[in-house]
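Engineer: Sequence and computational prediction follow.
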Amino acid sequence: MPEQVLKVLVSGGPGTGKTWFGCSFPKVAYVGTEPGGLDSVLQNSEPRAQELVQHLVSYETYIPTVLEDIKLTFQRLEQDLKLSYEQAREGKVETLVLDNITFLSLNRWLYMEKYERKIAANGEVDSRGMYGALALWMYRFILLNVVSFPGHVVICAHEQLESEEDQKSHLYANLPITPDLLGSMKYRVAGLVSASLYLNRRTLSPGKWSFEARCIEGAGKRAKNRYGLKEIVTDISYDSIMTEIRNGRQVGAGPGTPTVSPG
């Protein structure tokens, strides 16, 4: 078992380094639900990308196609997650990366349209009821199949700007940027992990960037962590996160430090 088990939700726009961050963890079982999600690592000739490839113990995709019934896609996903648990107990795998939860929610909606469509009394599709069922399924799936993994967990998500209507009706109206998920699960998913980080790519010079993570809420983002991480961690990776945690312990910081946002 690693010295510190990390359970992290990492959100960001395209190209902000979510997949690279996940693949920087040791002994990775990669679960892909986004088309081409791992291409930035597998099809990149940079030395850093080649290092990340060495961390991959297994990688598989679970994406609906015309060649596989979507029910079988989800059955494969659940079966392979159980295999990852077994590999973790054997010491073969240390990290589970789900890349990403945004597409998982979209794919599950396709499943529901085919197999779990709800019809209201007037004969029309009960979209509200389906969204509620989707949120419940997502919560159960992430809780039982992902965050309970006996090792590190990295869940990747795209981020979105909420509508004005959603902002007015929500408690955190001044923090309008959330993980991009269908339904109410976007408000709940951060409660299932110990860190909800938001990644950003900052241009240093032509062709050179710095990838950083917001670890405490601010700039309109609902970031949080229970590891005592400072507001911004630069050159974000597994190693940089672990270094921040070790440094925080040396100066008396850690889980429960006042700088960590609640929930």
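Structural biologist: Alright, I've got the coordinates.
Engineer: I figured residue 147 hits residue 192, correct?
Structural biologist: Yes. Using CB atoms under 8 Å, residue 147 is in contact with residue 192, at 5.1 Å. No exception for glycine: its C-beta is placed from N, CA and C like everyone else's.
Engineer: which residues do those two both contact?
Structural biologist: Common neighbours of residue 147 and residue 192, counting by CB atoms under 8 Å, 6 or more residues apart in numbering, are residue 7.
Engineer: End to end on stretch 85-103, go ahead and measure it.
Structural biologist: This stretch, stretch 85-103, spans 22 Å end to end (CA to CA, to the nearest Å).
Engineer: Going by neighbour count, list what's buried in it.
Structural biologist: Buried residues in stretch 85-103, defined by neighbour count with 16 or more other CB atoms under 10 Å: 85, 87-88, 93-103.
Engineer: which other residues reach stretch 87-99?
Structural biologist: The contact list for stretch 87-99, computed with CB under 8 Å, 6+ apart, reads 2, 18-19, 22-23, 25-34, 37-38, 55, 57-58, 81, 84, 104, 146, 149-156.
Engineer: which among the residues you listed end up buried?
Structural biologist: Buried among the contacts of stretch 87-99 by 16+ other CB under 10 Å: 18-19, 22-23, 25, 27-34, 37-38, 55, 57, 81, 84, 104, 146, 149, 151-156.
Engineer: I'd like the list of the residues you listed that fall within strands, please.
Structural biologist: 28, 29, 30, 31, 32, 57, 152, 153, 154, 155, 156 (DSSP state E).
Engineer: What about residue 227, how many residues nearby?
Structural biologist: Neighbour count of residue 227, defined by other CB atoms under 10 Å: 22.
Engineer: so the closest residue to it other than its chain neighbours, which of the three states?
Structural biologist: In space, and not counting its chain neighbours, residue 227 is closest to residue 245: 5.2 Å by CB to CB, 6 or more residues apart in numbering. The three-state label given to residue 245 by DSSP: H, G, I helix; E, B strand; the rest coil is helix.
Engineer: Go ahead and confirm residue 245 touches residue 226.
Structural biologist: No. Counting by CB under 8 Å, residue 245 stays clear of residue 226, with 10.6 Å between them.
Engineer: would residue 97 count as being in a helix?
Structural biologist: No. Per three-state DSSP, residue 97 lies outside any helix segment and is strand.
Engineer: Could you save the ones in strands among the buried ones among the contacts of stretch 87-99 as TSV and add columns showing pLDDT?
Structural biologist: Listed next are those as TSV, based on pLDDT from 0 to 100:
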residue	pLDDT
28	97
29	97
30	97
31	97
32	95
57	96
152	97
153	97
154	97
155	97
156	95
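Engineer: Tell me where the longest strand sits in this structure.
Structural biologist: Assigned via DSSP E, the chain shows its longest strand as strand 195-205.
Engineer: and that one, what other elements does it pack with?
Structural biologist: With contacts defined as 3 or more CB pairs under 8 Å, 6 or more residues apart in numbering; DSSP states H and E, strand 195-205 has these neighbours: strand 7-11, strand 208-214, strand 224-225.
Engineer: list the buried ones in the helix or strand following the last one?
Structural biologist: Later in the chain than strand 224-225, the nearest helix or strand by DSSP states H and E is strand 232-234. Residues of strand 232-234 classed as buried: residue 233 (neighbour count, 16+ other CB under 10 Å).
Engineer: For strand 232-234, which strands pair with it and how are they oriented?
Structural biologist: In the sheet, strand 232-234 lines up against strand 208-214 (antiparallel) (DSSP bridges).
Engineer: The strand it pairs with vs strand 195-205, what angle?
Structural biologist: Our comparison of strand 208-214 with strand 195-205, counting by axes from the mean of the first three to the mean of the last three CA atoms, to 10 degrees, yields an angle of 160 degrees.
Engineer: for the record, mean pLDDT for strand 208-214?
Structural biologist: For strand 208-214, the mean per-residue pLDDT is 86.
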